[in-house]
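*Asks:* just coords:
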């Protein structure tokens with residue numbers, strides 16, 4: 001509710017309770033805090049408050065103000081109030097700096113007392129820790145347990161955080177998905193804040209929805225934080241645009257963890273060959289010869305440009321540029337993780 005007291009108002013003034021008159025001391029009756037911000041009658045307002053022993057904050061002169069309000073930042077369940085020697089602008093500047101540090105996880109956010117457990121599935125991005133989202137960093141700063149994948153970014157975590165590696169190693173020992181689901185639920189039900197740190201995006205050729213489902217079924221609060229997929233970051237870091245004006249208007253992202261012709265594969269390689277546009281393949285390194293052969297057999301030109309990006313976004317990144325006809329030979333030494341980009345956009349690489 002807004003009551004306005006003023007000797008005059010401009011045409012078109014909002015429709016509020018309006019008293020066209022001078023300020024009266026009785027206007028502050030019943031108030032417990034008054035902000036004097038008129039620049040005209042602040043002395044009179046302050047005097048009326050002093051007579052009534054009511055707190056009054058003066059915007060015109062902090063030195064004369066018997067009270068002042070802090071600059072407040074709220075980040076999740078943390079509230080920070082800042083005063084700075086009766087200098088409001090200074091307080092606001094400090095408040096904003098503290099809020100930014102809280103939002104980016106630079107300040108300690110871990111709880112020291114037990115609380116309600118939860119799970120956050122965080123997409124860690126393609127590998128470079130700088131590409132992790134601000135929300136992801138804030139959740140990691142407050143985590144009790146971090147359950148990480150093999151390709152998740154390597155980060156410095158607060159002291160005392162328990163880290164559980166559940167990454168699946170190609171051809172090696174791996175956690176069963178059911179055991180990962182059970183771990184997330186068990187730790188959250190024990191009152192811990194759990195961050196499930198995954199590589200790339202939570203739902204791009206990952207099993208994020210299964211982990212979300214396990215939490216929902218167990219009544220555990222769960223949130224999902226998207227991440228930058230290597231399907232987008234890999235080509236970009238290699239100088240290849242996934243789409244380019246006058247070159248292509250579409251792109252497809254395909255998992256090649258099963259080779260063409262495998263009974264378990266749901267990928268129609270002939271349709272992809274006819275579709276054109278840019279084709280981005282993940283988990284394709286070990287099956288690249290078969291994939292290239294299938295695309296050529298399906299009608300894609302054998303001289304279609306191909307880029308194979310290994311360790312995308314990391315200091316060890318390397319890029320091999322070749323064609324469908326020569327990719328099996330030229331990229332024979334590439335190891336996982338790698339992103340394969342097929343299409344005319346590779347020809348405009350810069």
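*Replies:* Arrived safely. Keep in mind that what you see is a predicted model, and the values were worked out from it rather than measured.
*Asks:* so residue 56 sits in a helix?
*Replies:* No - counting by DSSP: H, G, I helix; E, B strand; the rest coil, residue 56 is not part of a helix but strand.
*Asks:* Quick check: the gap between it and residue 86.
*Replies:* Distance of residue 56 to residue 86, given as Cβ to Cβ, to the nearest Å: 14 Å. Placement of C-beta: from N, CA and C, glycine included.
*Asks:* just residue 102 next, same as before
*Replies:* In terms of Cβ to Cβ, residue 102 sits 24 Å off from residue 86.
*Asks:* just to revisit the earlier point, quick check: neighbours shared by residue 56 and residue 86?
*Replies:* residue 65 (Cβ atoms under 8 Å, 6 or more residues apart in numbering).
*Asks:* the more surrounded of those two?
*Replies:* Of the pair residue 56 and residue 86, residue 56 is the one with more neighbours under other Cβ atoms under 10 Å, namely 23 against 14.
*Asks:* From what I see, that one and residue 45 are in contact.
*Replies:* Yes - the pair residue 56 and residue 45 qualifies as a contact (Cβ atoms under 8 Å) at a distance of 6.7 Å.
*Asks:* Which residues are in contact with each of these two?
*Replies:* 34, 36.
*Asks:* Help me confirm that residue 214 is found in a helix?
*Replies:* Yes - the assignment for residue 214 is a helix, going by three-state DSSP.
*Asks:* Am I right that it is in contact with residue 185?
*Replies:* Yes - Residue 214 is within contact range of residue 185, at 5.8 Å (criterion: Cβ under 8 Å).
*Asks:* what's the overlap in contacts for the two?
*Replies:* With Cβ under 8 Å, 6+ apart as the test, residue 214 and residue 185 reach no residue in common.
*Asks:* What distance do you get for residue 339 to residue 254?
*Replies:* Distance, residue 339 to residue 254, by Cβ to Cβ: 11 Å.
*Asks:* which helices and strands sit right next to the host helix or strand of residue 308?
*Replies:* Assessed by DSSP states H and E, residue 308 sits inside strand 305-310. Under the contact definition 3 or more Cβ pairs under 8 Å, 6 or more residues apart in numbering; DSSP states H and E, strand 305-310 sits against helix 230-237, strand 318-323, strand 338-342.
*Asks:* which of the ones you listed is buried the deepest?
*Replies:* Mean neighbour count (mean count of other Cβ atoms under 10 Å) peaks for strand 338-342 among the helices and strands packed on strand 305-310, with a mean of 27.
*Asks:* any idea of the angle it forms with helix 230-237?
*Replies:* Counting by axes from the mean of the first three to the mean of the last three Cα atoms, to 10 degrees, strand 338-342 points 70 degrees away from the direction of helix 230-237.
*Asks:* Quick check: mean pLDDT of strand 338-342?
*Replies:* Averaging pLDDT along strand 338-342 gives 97.
*Asks:* Could you list the paired strands of it along with their orientation?
*Replies:* strand 278-282 (antiparallel), strand 305-310 (antiparallel) (DSSP bridges).
*Asks:* can you list those strands in TSV and add mean neighbour count, distance to residue 325 and mean pLDDT?
*Replies:* Compiled in TSV, those are given as follows (neighbours: other Cβ atoms under 10 Å; distance: least, Cβ to Cβ, whole Å; pLDDT from 0 to 100):
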stretch	mean neighbour count	distance to residue 325	mean pLDDT
strand 278-282	24	16	97
strand 305-310	24	9	97
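*Asks:* Can you add distance to residue 262 and give the ones you listed back as JSON lines?
*Replies:* Output for those, formatted as JSON lines (distance: least, Cβ to Cβ, whole Å):
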{"stretch": "strand 278-282", "distance to residue 262": "15"}
{"stretch": "strand 305-310", "distance to residue 262": "21"}
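*Asks:* For the closest residue to residue 96 other than its chain neighbours, give me the pLDDT.
*Replies:* Nearest-residue entry for residue 96: residue 73, 7.5 Å, with adjacent residues in sequence omitted and distances by Cβ to Cβ, 6 or more residues apart in numbering. pLDDT recorded at residue 73 is 95.
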